[in-house]
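Engineer: curious how this folds, go ahead:
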Amino acid sequence: MFRKRNVQRKSSGNSSSANKNFRGQGKRFSKPSRSRKSRSGQSQFSDVSKFINKAVPEKNVKPYTPKNSFADFLIDENLKRNILKTGYKHPTPIQDQAIPHVLNGSDIVGIANTGTGKTAAFIIPLLDKVIRNRKQNIIIIAPTRELAIQINQELVKFAFGLKIFSVCAVGGMPIFRQISDLRRNYNFIIGTPGRVKDLVDRGHIPLEQFQTIVLDESDRMLDMGFINDMRFLMSAMPENHQTLFFSATLSDDIKNIINNFLTDPISISVRVNDTASSIDQDVVYVKNEVKLDLLHDLLIQPEFNKVLIFGKTKLGVEKLSERLSGRGLKVKSIHGNKNHTQRQHALKLFKENTVNILVATDVAARGLDIPNISHVINYELPSTYEDYIHRIGRTGRGGKAGKALTFIG
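Structural biologist: Model prediction:
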């Protein structure tokens, strides 16, 4: 749990007032319903205790004992060597339980928390599938261009030297370049629903020639309004195909898609709690007139060495980034008004620690694997509790400790 600190203010104002508003004391509130939206669209979280949770020390967390090792999996030896080169030693729970079923050709419904290594859970066995049959074509759908690009980077890493190629088809990038790439030799297409559907409609992606489809972060695709695109893509697949379906939650809409499009799927759930036990969560009580000052006071503390801050709107995120930059902090922003090049550049600078603060909308809440984020700060409340789970899942990854703070006004 986050404790009070006596901070030195760099800006003018009443520092004692700011500190008084910061009361992360783990106070528990009544437990009404989950988050809900008011008519104005403002998130209303009646259960503040959902944002307060003490991280469990690593020594008190019972380690998962995998049934398999990467050496045990019946996959190509060159692929195994690439896995070991990337630093993978033991499979995570989702990898341990999903890989054998993917290798067997089963349809999969995988429910897993963010940061559990599910990308490798489908990339590794699907690469083996292509190694064994070079005529295999596989399409992977992700909700955001950042996640699609990251999946493609993972694939390239595992496919090193195997002469297996992919096309990344995402919005915000020139479509004619992607059309040109699709004329070359490839086994994988990794893309976002809208852009992939556009390329299918133009006749550049013959889905009837694909044997496998992966839908990653399916719940987020539904949230973003892609349900019709998802149904279109899945209905265009040949009758005999493999479907891998990964999600953090299982809504009624997702259940309907599973019932309509998957054949006797294997259900795998490794989601134990809503949030990772490695994340220390607390709230910051703040008045609007000192909110920015209090955020600044936190960010100048040495332990806030790599911070992801979430805002609600594109305009608000950009303004906050500019204000923090004006106070001498190293900060970049990422949101929907940024073009592809700008978003990728901001992520690159943040990953490489050239800047140590990234301000973002929920476009950065899903799937992105950015190492060593020390803190996630919800400067503005998310729309749903599920969005909160994904936001704070950017820290405390890979067994490392992380902290999440939520501003409550």
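Engineer: what ranges does the stretch 101-250 of the chain have for its strands?
Structural biologist: Counting by DSSP state E, counting those that start in this stretch, the stretch 101-250 of the chain has these strands, from start to end: 108-111, 138-141, 166-169, 188-191, 212-215, 242-247.
Engineer: what does the fifth one rub up against?
Structural biologist: Surrounding strand 212-215, the residues in contact under the criterion CB atoms under 8 Å, 6 or more residues apart in numbering are 122, 126, 129, 136-141, 221, 230, 233-234, 237, 241-246. For every residue, glycine as well, the C-beta is placed using N, CA and C.
Engineer: could you do the last one as well?
Structural biologist: Where contact means CB under 8 Å, 6+ apart, the residues beyond strand 242-247 that reach it are 102, 105-112, 118, 121-122, 211-219, 234, 237, 254, 257-258, 261-263, 265.
Engineer: filter those residues down to the ones in helices?
Structural biologist: Using DSSP state H, the subset of the contacts of strand 242-247 located in helices is 102, 118, 121-122, 218-219, 234, 254, 257-258, 261.
Engineer: state the distance from residue 277 to residue 209.
Structural biologist: Per CB to CB, to the nearest Å, residue 277 is found 44 Å from residue 209.
Engineer: one step back: of all the strands of the stretch 101-250 of the chain, which lies closest to residue 339?
Structural biologist: strand 166-169 (16.1 Å; CB to CB).
Engineer: strands paired with the closest one, and their directions?
Structural biologist: strand 188-191 (parallel) (DSSP bridges).
Engineer: before we move on, the earlier item: make TSV out of the ones in helices among the contacts of strand 242-247 and add neighbour count, pLDDT and distance to residue 65.
Structural biologist: As requested, the ones in helices among the contacts of strand 242-247 are exported to TSV (neighbours: other CB atoms under 10 Å; pLDDT from 0 to 100; distance: CB to CB, whole Å):
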residue	neighbour count	pLDDT	distance to residue 65
102	25	97	21
118	27	89	19
121	28	95	17
122	26	97	22
218	28	87	29
219	20	82	29
234	19	93	35
254	21	84	30
257	21	88	33
258	18	89	29
261	20	90	34
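Engineer: and these, which is closest to residue 355?
Structural biologist: residue 118 (28.2 Å).
Engineer: about what we covered before: which of the strands of the stretch 101-250 of the chain sits most buried?
Structural biologist: strand 188-191 (a mean of 27; mean count of other CB atoms under 10 Å).
Engineer: only C-alpha atoms, please: export it in CSV.
Structural biologist: Extracted C-alpha coordinates of strand 188-191, given in CSV (Å, rounded to 0.1, in the frame of the first residue of the first chain):
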residue,chain,number,x,y,z
PHE,A,188,1.2,-15.0,-41.2
ILE,A,189,-1.0,-11.9,-41.4
ILE,A,190,-1.2,-9.9,-38.2
GLY,A,191,-3.6,-7.0,-38.2
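Engineer: give me the contacts around stretch 391-406.
Structural biologist: For stretch 391-406, with CB under 8 Å, 6+ apart as the criterion, the contacting residues are 2, 24, 51, 55, 58, 113-115, 275-276, 278-284, 298, 308, 310, 362, 364-365, 368-378, 381-382, 388.
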